[in-house]
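> have a look; sequence and predicted model below, questions after that.
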Amino acid sequence: MPLPLTFAFAARNQRDSGETAFSLLGLCAFFSLLVGSAVAGERNEWIEDVPRAYDGALRNPLKGFTTRGVGSDHPWATLAHDYLRWNELENVESDSIQKIRDVCDRRWAGIAERNVKVIPRVILRWSGDDEVYWPADLTTGDFSSKEFERRLLRLIKRLGEVWDDDPRVAFVELGIFGKWGEHHSPSPTKEMQRVAGEAFARAFPNKKVSVRHAWDEFPSQPFGEYWDSFAHLDQMREHGANIAALNRSDHRYLSNYIGGEVAYDWGNSMVQPGADPTASVSLKRHRDFVINTIRWTHCTQLRWISDYDSKDDTATRGAELIQQTLGYRFVPTRVAFRPSITDGKLSVSVSIRNEGSAPFYYNWPVEVALLTLADRKLVWSDTFDDVDIRRWQPGEAWTEPTFRAKASIATSEWVTWPTDGNEWRIAPKQHEFSQSFQVDVPPGEYLVTIAILDPAGKQPSLRLATSQYIRGGRHPIGIVANQSGQGRKLDRSISFDDPSQDDTLHYDR
């Protein structure tokens, strides 16, 4: 018959109160000590450990290198950017909302199985005058009429109905206005910024929305930023510095993501961030510049730079360093647990530090589970009630760059960082979480594991930066035996899998 076992995950600062709760067992523990039965679980002592670190990059959701297009495979990318033409989604007013669903289903087929999510942007124009995608029953270039406003509001509302609860959609870029939907050539008027901004906020209460110039445009909404010439020398003073200032003024990065693409087709891109994606990731002077800009702006994801030569070993090694820097990186710094056979409880403590550049932007649940020790089969799981991983924040106030006069370009760059010593002025904090769980499991020894789940199917998805990993997304933190109340640290007999090589993770639509 299954025996009861309760897991109480308690923070370090709760240790004294927890031990007091078990003080009634003191005589039993003392007697056991006298007779030589010195089992840690029977004495209600903490079994502490520091999880083994994982130094490599992780292919984690909602962060990192982003592909240009949904069909591209990339060793690190769980994000794909997708430009959607307005007339592809809706060419005449009589087109139904089902047409939008059908277009998305066709374009995004199979991405859930690959653990990839999309960042969509609707556009009306690419670059040339002949690359326009207006609906057939609207006047091309007419951004000021009431008819355009009415149709725009209808489209945004429909996009929200289709995308806001679609787990395949990671973030939403507002797009619509200007070349490539970058809000220039032409720029949206102040009134249209208000109209469109309010409509997107209403349509997407569950998804993060970003715009091209968040520090200056759509000011009524706390949107994120897609910088489409990220770390470009010619835009560091205006765009980069303004994003950094926005983050300082209202901590925008804590509530919405910063991302975009690295551009290689204009201005002084050959100076920084490099002549092409391979140069950006493989050459230290470019890679360090990109990494410092990521830290400085709290950047989560980037595309185009992902097109580096994957057959170049130097490039792949450099790309891994950038992947580690983009977005979040959750490092478990301490775990501890305390089994007790007398009352069927097990207390465990977990501490986490975010060593990345940005938070995680959705409230995904944290799981505790029991796996059989021999074959690692799941026998029980539950999730913490009051853990919000969005609060696991990175450091603040990265070292600022030095700006010089642009006339110096002939001899040196006009934006530079120190060659070493760059750091967060405010270091990342430790985050701790706790809870008790009641479970019924058959007698035996079990791995106690933690994991972060994608709510779409409640599957393990987000990997912690520890080598204590089991293929399928869970991280062992200790071993318990429910029939005796014993517990012990993970020993060398426990083999682990490489988290960067796990291709089984997925989510449900």
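Happy to help now that I have it.

> who are the contact partners of the nearest residue to Ala199 once chain neighbours are set aside?
Spatially, and ignoring its direct neighbours in sequence, Ala199 is nearest to Ile156 (4.3 Å; C-beta to C-beta, 6 or more residues apart in numbering). (C-beta placed from N, C-alpha, C; glycine too.) Ile156 is in contact with Ala196, Ala199, Phe200, Ala203, counting by C-beta atoms under 8 Å, 6 or more residues apart in numbering.

> angles on the backbone of Ile156, please.
Phi and psi for Ile156, reported as degrees, to the nearest 10, are phi -60, psi -40.

> which regions of this structure sit below the pLDDT cut-off?
Segments of the chain classed as low confidence (criterion: pLDDT under 70) are 1-44, 340-344, 407-412, 483-485.

> let's go with 50 and repeat that
Scanning the chain for pLDDT under 50 picks out 1-42, 411.

> all helices of it, in order?
Assigned by DSSP state H, the helices in the chain fall at 15-21, 26-34, 40-43, 86-89, 97-107, 146-163, 190-203, 241-250, 252-255, 277-282, 284-297, 313-325.

> run the chain-centre distance for the last one.
Computed by C-alpha atoms, centre = their mean, to the nearest Å, the separation of helix 313-325 from the middle of its chain amounts to 18 Å.

> what helices or strands is that helix leaning on?
Here helix 313-325 touches strand 64-68, helix 277-282, helix 284-297, going by 3 or more C-beta pairs under 8 Å, 6 or more residues apart in numbering; DSSP states H and E.

> what's the angle from the first one to helix 313-325?
Read it as strand 64-68. 110 degrees (axes from the mean of the first three to the mean of the last three C-alpha atoms, to 10 degrees).

> shift numbering so it begins at 52
Shifting the count to begin at 52 puts that one at strand 115-119.

> note down every partner strand of strand 115-119 and its orientation.
Strand pairing for strand 115-119, determined by DSSP bridges: strand 130-136 (parallel), strand 352-354 (parallel).

> can you lay out those strands as CSV showing mean neighbour count and distance to Ala292?
CSV is the format used below for these (neighbours: other C-beta atoms under 10 Å; distance: least, C-beta to C-beta, whole Å):
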stretch, mean neighbour count, distance to Ala292
strand 130-136, 22, 25
strand 352-354, 28, 18
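
> re earlier: will you turn the helices of the chain into JSON lines that also has distance to Val262?
Output for the helices of the chain, formatted as JSON lines (distance: least, C-beta to C-beta, whole Å):
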{"stretch": "helix 66-72", "distance to Val262": "47"}
{"stretch": "helix 77-85", "distance to Val262": "61"}
{"stretch": "helix 91-94", "distance to Val262": "55"}
{"stretch": "helix 137-140", "distance to Val262": "17"}
{"stretch": "helix 148-158", "distance to Val262": "21"}
{"stretch": "helix 197-214", "distance to Val262": "13"}
{"stretch": "helix 241-254", "distance to Val262": "8"}
{"stretch": "helix 292-301", "distance to Val262": "12"}
{"stretch": "helix 303-306", "distance to Val262": "11"}
{"stretch": "helix 328-333", "distance to Val262": "25"}
{"stretch": "helix 335-348", "distance to Val262": "15"}
{"stretch": "helix 364-376", "distance to Val262": "24"}
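
> quick one: which of those is nearest Arg455?
helix 292-301 (13.4 Å; C-beta to C-beta).

> partner residues bridging Ser402?
Arg385, Glu483.

> one step back: can you list the strands paired with strand 115-119 in a markdown table and add distance to Pro493?
Output for those, formatted as a markdown table (distance: least, C-beta to C-beta, whole Å):
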| stretch | distance to Pro493 |
| --- | --- |
| strand 130-136 | 41 |
| strand 352-354 | 44 |
